[in-house]
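[1] Got a predicted structure plus its sequence, pasted below:
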Amino acid sequence: QHCHRADIEWFAGLKPCATSSGLYFLRPVTDQPSLPLERIGPYRLVSEIGHGGMGTVYLAERDGDFHQRVAIKVVRGLLGADGLRRFRVERQILASLQHPGIAGLLDGGTTPEGMPYLVMEHIEGVRIDDYCDARHLTLAQRVTLFCRVCDAVSAAHRSLVVHRDLKPSNILITADGTPKLLDFGIAKLLTDDDADPLLVTSPSVRALTPEYASPEQIRGLPITTATDVYSLGVLLFELLTGERPHRLGTRTAAELERVICGQEARRPSAFVEKRLARELEGDLDTIALAALRKESSRRYQSVEQLADDLRRYLDGRPVLARPSTWSYRARRFVQRHRAAV
């Protein structure tokens with residue numbers, strides 16, 4: 001059966017496919033093309049595990065004194081001396097990112113044909129949305145897991161690295177429940193920009209996933225940490241409701257401008273059945289919509305603020321995105337101390 005989910009990654013020897021009920025299963029890939037290379041540097045290529053607009057990812061093994069499995073991404077779109085120079089500079093910055101929630105960048109270089117490649121920690125895990133659904137996580141469990149994703153993004157922001165392409169397929173959950181973020185900063189490598197900081201850039205070449213892209217990405221405006229806040233808002237919305245805040249059809253430039261930049265997102269509670277809607281109404285509706293505001297200056301000013309408000313919700317404390325009225329504070333107090341009251 002052909003898989004209609006274009007954003008689902010391929011894994012070594014297995015291909016995810018959807019049934020008519022919306023469930024997914026893995027089947028062996030019988031039509032996988034032969035590998036174009038046998039080796040890249042000291043690494044022996046095993047199989048292709050993913051491909052997309054930014055390049056192709058291979059499962060590889062390092063031979064020698066120790067055995068190590070890695071993921072190698074051969075990057076497309078970096079041609080010429082300027083592109084390769086930028087690749088080397090950015091690669092060094094990305095290699096310095098050290099956080100348990102971020103898949104590490106181990107090595108990099110160029111193939112004999114001149115194609116840049118990145119050697120990354122190989123993560124065995126499940127997409128965050130599939131993980132939540134398969135384990136029937138409660139609302140609180142989903143929010144708690146999402147906060148751990150925010151912690152990893154915050155750590156990168158403190159190192160002036162913006163992800164630029166946060167989406168479920170770039171967030172895998174390992175067997176022990178640890179979220180791991182993939183491709184951190186890879187989109188930066190495909191931008192035509194010579195600015196030194198990774199925090200703010202003005203890309204003329206945009207590598208993005210439209211469903212998770214912010215209005216400023218669609219319009220080619222400067223990218224800041226608020227861009228990741230927006231993408232996290234889309235992810236939060238999806239984990240809470242099973243839907244994205246905006247539905248795209250043709251994905252033309254005109255539609256992206258009209259929908260992503262012009263249409264306000266509806267409240268998450270409007271997408272679900274009544275029982276769940278009662279849980280989303282109020283705090284979670286407010287938090288998700290605050291992260292999805294069109295103007296970057298009106299969103300949460302940092303990912304830490306977004307995660308802090310979600311933890312306030314989990315603790316039964318007033319969230320900062322809502323007006324601090326006496327009646328609201330009183331309701332939250334009663335909910336926290338229901339037994340005593």
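    Here it is on my side, so go on. Numbering: from 1, shown residues only.
[2] Show the average pLDDT along stretch 231-249.
    For stretch 231-249, the mean per-residue pLDDT is 96.
[3] Please state the offset of that stretch from the chain centre?
    12 Å (CA atoms, centre = their mean, to the nearest Å).
[4] Name the spans of the protein whose pLDDT lies under the cut-off.
    1-36, 52-54, 65, 77-80, 185, 187-207, 324, 326-328, 337-341 (pLDDT under 70).
[5] quick one, helices of the stretch 101-250 of the chain?
    128-134, 139-158, 186-189, 215-218, 225-241 (DSSP state H, counting those that start in this stretch).
[6] got the angle between the last one and helix 139-158?
    Meaning helix 225-241. 170 degrees (axes from the mean of the first three to the mean of the last three CA atoms, to 10 degrees).
[7] what helix or strand does H99 sit in?
    Per DSSP states H and E, H99 falls between elements, in no helix or strand.
[8] Verify the assumption that Y58 is located in a helix.
    No. Under DSSP: H, G, I helix; E, B strand; the rest coil, Y58 sits outside any helix and is assigned strand.
[9] List the contacts of it.
    By CB atoms under 8 Å, 6 or more residues apart in numbering, the residues touching Y58 are L35, I40, L45, V46, S47, E48, I49, A71, I72, K73, V74. Yep, even glycine has a C-beta here, placed from its N, CA and C like the rest.
[10] how close does the third one sit to I186?
    Looking back up the chat, that one is L45. According to CB to CB, to the nearest Å, L45 and I186 sit 19 Å apart.
[11] For the chain, which segments count as strands?
    14-18, 24-28, 39-40, 43-52, 55-62, 68-75, 105-110, 116-121, 126-127, 171-173, 179-181 (DSSP state E).
[12] Any chance of a markdown table for those, columns distance to Q92?
    Listed next are the strands of the chain as a markdown table, based on distance: least, CB to CB, whole Å:
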| stretch | distance to Q92 |
| --- | --- |
| strand 14-18 | 34 |
| strand 24-28 | 37 |
| strand 39-40 | 19 |
| strand 43-52 | 20 |
| strand 55-62 | 19 |
| strand 68-75 | 15 |
| strand 105-110 | 9 |
| strand 116-121 | 12 |
| strand 126-127 | 29 |
| strand 171-173 | 24 |
| strand 179-181 | 19 |
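[13] Looking at those, which one is packed in the most?
    Among these, strand 171-173 has the highest mean neighbour count (mean count of other CB atoms under 10 Å), at a mean of 24.
[14] elements contacting that one?
    Secondary-structure packing of strand 171-173 (3 or more CB pairs under 8 Å, 6 or more residues apart in numbering; DSSP states H and E): strand 126-127, helix 128-134, strand 179-181.
[15] how about 10 Å then?
    Counting contacts by 3 or more CB pairs under 10 Å, 6 or more residues apart in numbering; DSSP states H and E, strand 171-173 packs against strand 126-127, helix 128-134, helix 139-158, strand 179-181.
[16] strand partners of the shortest one, parallel vs antiparallel please.
    Partners of strand 126-127 in the sheet, by DSSP bridges, are strand 171-173 (antiparallel).
[17] which other residues reach the partner strand?
    Strand 171-173 is contacted by residues 9, 101, 103, 123-132, 134-135, 145-146, 148-149, 152-153, 163, 178-183, 235 when judged by CB atoms under 10 Å, 6 or more residues apart in numbering.
[18] Just the buried residues of those residues.
    When neighbours are counted using 16 or more other CB atoms under 10 Å, these contain these buried positions: 9, 101, 103, 123, 125-132, 145-146, 148-149, 152-153, 163, 179-183, 235.
[19] Measure how buried the closest residue to R311 other than its chain neighbours is and give me the count.
    Closest residue to R311 apart from its sequence neighbours, by CB to CB, 6 or more residues apart in numbering: C147 at 6.1 Å. C147 has 18 neighbours, counted by other CB atoms under 10 Å.
[20] quick one: contacts for C147?
    Residues in contact with C147 (CB under 10 Å, 6+ apart) are P179, L236, V303, L306, A307, D308, L310, R311, L314.
[21] As TSV, the residues you listed with distance to A277 would be great.
    Below are the contacts of C147 laid out as TSV (distance: CB to CB, whole Å):
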residue	distance to A277
P179	27
L236	16
V303	27
L306	22
A307	24
D308	25
L310	18
R311	22
L314	19
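[22] closest to I223 among those?
    Checking the contacts of C147 against I223 by CB to CB gives V303 as the nearest, at 14.3 Å.
[23] I'd guessed that closest one sits against T224; true?
    No. Using CB atoms under 10 Å as the test, V303 is too far from T224 to be in contact (11.5 Å).
[24] ok, E257 - how many residues close by?
    If you count neighbours by other CB under 10 Å, E257 ends up with 13.
[25] how many other residues sit next to the nearest residue to it once chain neighbours are set aside?
    Spatially, and ignoring its direct neighbours in sequence, E257 is nearest to I218 (6.2 Å; CB to CB, 6+ apart). Residues near I218, counting by other CB under 10 Å, number 17.
[26] got it, and the one 3 residues further on?
    A total of 14 residues lie near L221 under the criterion other CB under 10 Å.
[27] what does the one 5 residues further on give?
    The burial metric for A226, expressed as a neighbour count using other CB under 10 Å, is 22.
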